[in-house]
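Novice: I would like to see how this sequence folds:
(chains A and B)
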Amino acid sequence: METIAASKLDPTFMSEVVSKFTTDKNPADLYNCLTCGMCSAGCPYNGVHDHADPRKFIRQVVLGMREEVLSSTFIWACTMCGRCTLHCPMNVDIAGLVRTIRSPKNFGLKAPGFLQDVVDAQIRTGNQMEVTTEEYLETLEWMEEELQQEVGDPNARIPVDQEGAEFLFMWDPREIKYYPQDIQSIAKIMWAAGASWTVSSRWWDATHYALFNGDDEDSTTMVRRTMEEFERLKVKEVIITECGHAFRAQRWGRIVWLNGATYPVRSFVQLQAEWIKEGRIKVDRTRNTERVTFHDPCNLVRKEGVVEEPRYCLQQVCMDFVEMWPNRQYNYCCGGGGGLLAMGKDIYPYRMAKGKLKAEQIKATGAKIVVTPCHNCYDQLTDIIKYYKLDCKVRHIHHLVSNALILPSKAEREQLK
Amino acid sequence: MPSINVNGVEIEQDEDGFIVDPNLWNEDVAKALAAQEGISELTDEHWKVVNYLRNYYLQFQIAPMIRKLCKETGFSLKKIYELFPSGPAKGACKVAGLPKPTGCV
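Specialist: Numbers count the residues shown, from 1 in each chain, chains lettered A, B, ... in the order given. Next up is the predicted model:
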């Protein structure tokens, strides 16, 4: 047992935390904490590795243990997955609290690893991978040509800066820099649906690492760029690529950082589900025969409520889809969320310890493919598969949808207009 | 953290297997890194990719766009994946001794 030195407690600490807390709920809701410990029971990592006790963290904040909180490993080892809050009878937002403490501008902390560099790169260059506009446009053109060849339509397009399009699609820069085949896969689905869509040449990065380092000023800059493009291009809706934290930051973020802005934001997963349901795109599930399971990204599913759409897609495009257990809002984090993938070697052992739970979940399904609509989960799952030697690969939903697509004829595409 | 010993030199790797100090890279290190990636032999085609990445990195201190890599080597993206099953970033760049790129890679 540790002793609490009453003389060292800082009675101003909690109110300072509350005053700096960015949330769409009541920033003072941690006053409602009953100290029941359901959060620590809900945290999948409590008992898996040390420093995984949200109840202890909240008590430290409430008691004014400033020093202990600011130097704690908990705030960096926590993936902000929100499973604790799911179990909390008073709905205390512990992930939000962690974010508030992490912020370099609130208490002067610096994230481990290269997390801050990623935020800085995005603020400075407009995208976290520092891709130049020329390189970006060249890559889009390249993939447009590849798509035209694949579908046999010289008019297949990846439209840039097209004013008045219905959808503004926003990327994860790694799709542009390292995984251009993802661009082709996404554009193929857009083409088959006859979608009226466009991408921006200016601010096109949907990702948002300031969600993880807690910097509200940088967060505001990032999400304001999206609003600017929404207005400039006069689109009806912003569509976010299959990336969990980006979707959270773009949807929840526009409320908290842009004073309740309400321009429509949806995930590409929702669009795919809608198009399959409407028959706007036609799919042949016999093209995906291997057993598939689904990993729920915390930001997309638990926090933003996109629960059934990914499942609907998979049921329609695969022969053998099985759930892992637990699933949906109750699923475990992959272990790499909350920016942990960018926190380097000191946090790596926590990532792999957390990943053991996920590895066991995947193994129990017997699946050969684990699907997740999130780039962050994608990398963590890839690392886990390697580390725990699973016979399995990782895919996004659009990979399977794209593979199952029955290409529409010219006449059918005309009808879609 | 892991490391590899190549010709008596201990070369430190980060948690993802990228070498920490790009200056310690040489062809034998590339072979050792490739072995870790499950590539038993580096063919001329592998070297073409590795050398392009290496030279680009030395010039610009960053990895090239995949568009450039394919254009300059004449290989399709599919071919790059055949050569480096972990892909251009986690496979080819690693073998070429580039440090792990920051960002969501």
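Novice: pLDDT below threshold where in the chain?
Specialist: With no chain named, the answer covers chain A. Within chain A, the segments meeting pLDDT under 70 span A:1.
Novice: hmm, no, I was thinking of chain B.
Specialist: Where chain B drops to pLDDT under 70, the residues are B:1, B:104-105.
Novice: where do the strands sit along it?
Specialist: Using DSSP state E, the strands assigned to chain B run over residues B:3-6, B:9-12.
Novice: gap between the last one and the chain center?
Specialist: Taking the mean C-alpha point of strand B:9-12 and that of its whole chain, the gap between them comes to 16 Å (CA atoms, centre = their mean, to the nearest Å).
Novice: what residues does it touch?
Specialist: Taking contacts as CB atoms under 8 Å, 6 or more residues apart in numbering or on different chains, the residues outside strand B:9-12 that touch it are B:1, B:3-5, B:19-21, B:24, B:29. C-beta coordinates here come from the backbone N, C-alpha and C atoms, glycine included.
Novice: 6 Å instead, please
Specialist: With CB atoms under 6 Å, 6 or more residues apart in numbering or on different chains as the test, strand B:9-12 has contacts from B:3-4, B:19-20, B:24.
Novice: tell me the two of those residues that are most distant?
Specialist: For the contacts of strand B:9-12, the maximum inter-member distance is 11.3 Å, found between B:Ile4 and B:Val20 (CB to CB).
Novice: who has more neighbours out of these two?
Specialist: Of the pair B:Ile4 and B:Val20, B:Ile4 is the one with more neighbours under other CB atoms under 10 Å in any protein chain shown, namely 17 against 14.
Novice: so that one is in contact with B:Ala32, correct?
Specialist: Yes: judged on CB atoms under 6 Å, B:Ile4 makes contact with B:Ala32 at a distance of 5.0 Å.
Novice: please enumerate the helices of chain B.
Specialist: Taking DSSP state H as the criterion, chain B contains helices spanning B:27-36, B:44-60, B:66-73, B:77-83, B:87, B:94-95.
Novice: which residues does A:Met38 contact?
Specialist: Under the criterion of CB under 6 Å, 6+ apart, the contact partners of A:Met38 comprise A:87-88.
Novice: could you measure from it over to chain B?
Specialist: According to CB to the nearest CB, to the nearest Å, A:Met38 stands 32 Å off from chain B.
Novice: these two touch, right, A:Val160 and A:Arg202?
Specialist: No: in terms of CB under 6 Å, A:Val160 does not count as a neighbour of A:Arg202; the distance is 9.9 Å.
Novice: looking at the two, which has the bigger crowd around it?
Specialist: When A:Val160 and A:Arg202 are compared for neighbours, A:Val160 comes out ahead with 16 against 13, by other CB under 10 Å.
Novice: and what about the residue nearest to that one when sequence neighbours are not counted, helix, strand or coil?
Specialist: Counting by CB to CB, 6 or more residues apart in numbering or on different chains, the nearest residue to A:Val160 once its immediate chain neighbours are dropped is A:Ser201, at 5.2 Å. Taking DSSP: H, G, I helix; E, B strand; the rest coil as the rule, one finds A:Ser201 in the coil state.
Novice: equivalent analysis for A:Val292, please.
Specialist: Per three-state DSSP, A:Val292 ends up strand.
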